[in-house]
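Asks: I would like the atomic coordinates for the input below:
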Amino acid sequence: MPINQLLNSIWPVAATALDQAFDLNRTRQNQKKYQIEEKEAANEVKALKENRQAIIDPSTALEDLSGTFSNPYANLGVATKAAEMQMEQTDAALANTLDTLRATGSGAGGATHLHRPHYRVRRVLPLV
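Replies: Purely as a prediction, here's the structure:
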């Protein structure tokens, strides 16, 4: 019986050791396989880097055309201000004329006659 007890106590230890030895062997084989795959991948990346196409810069074919264009609306603010000033002057002139008509005693027909050209000027010069 002592031999049976000895075998019963050694057998699990031996099986564990044998299992660990096989695991170690598989780990080393996998390690070698992965090292080979790593070298192949590194070589493939290196080959791709060496043989890749040069980067084409599309901006080299462009020309600066900024000097060939003009903005017809660049002075629009100035033109609008001038139109407003002209309308103010026309309004002032009409008001002075109407004051003169009132002071001299002219009828309503004269005021209407003077107002028509003023109305035409206001239609031609739109407010912005």
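
Asks: shaky segments in this protein?
Replies: 1, 77, 79, 105-128 (pLDDT under 70).

Asks: how is it divided into domains?
Replies: 2-53, 73-124 (automatic domain parsing).

Asks: deepest of those, which one?
Replies: domain 73-124 (a mean of 12; mean count of other C-beta atoms under 10 Å). Every residue, glycine included, has its C-beta placed from N, CA and C.

Asks: in which helix or strand does Ser70 reside?
Replies: Using DSSP states H and E, Ser70 sits in no helix or strand.

Asks: pop out the phi and psi values for Arg52.
Replies: Taking degrees, to the nearest 10, you get phi -80, psi 160 for the backbone angles of Arg52.

Asks: just to revisit the earlier point, relative to Glu63, which of the domains of the chain is closest?
Replies: Taking C-beta to C-beta, domain 73-124 is the member of the domains of the chain nearest to Glu63, at 23.0 Å.

Asks: roughly how far apart are the residue nearest to the spatial centre of the chain and Phe69?
Replies: Nearest residue to the geometric centre of the chain (C-alpha atoms, centre = their mean): Ser59, 18.1 Å. Shown here: Ser59 relative to Phe69, a distance of 19 Å by C-beta to C-beta, to the nearest Å.

Asks: same question for Ala82.
Replies: In terms of C-beta to C-beta, Ala82 sits 25 Å off from Phe69.

Asks: cool, Trp11 as well?
Replies: To Phe69, Trp11 is 94 Å away according to C-beta to C-beta.

Asks: show me where this structure has helices.
Replies: 2-51, 76-104, 108-124 (DSSP state H).

Asks: how about those in a markdown table, adding distance to Glu63?
Replies: Output for the helices of the chain, formatted as a markdown table (distance: least, C-beta to C-beta, whole Å):
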| stretch | distance to Glu63 |
| --- | --- |
| helix 2-51 | 33 |
| helix 76-104 | 29 |
| helix 108-124 | 42 |
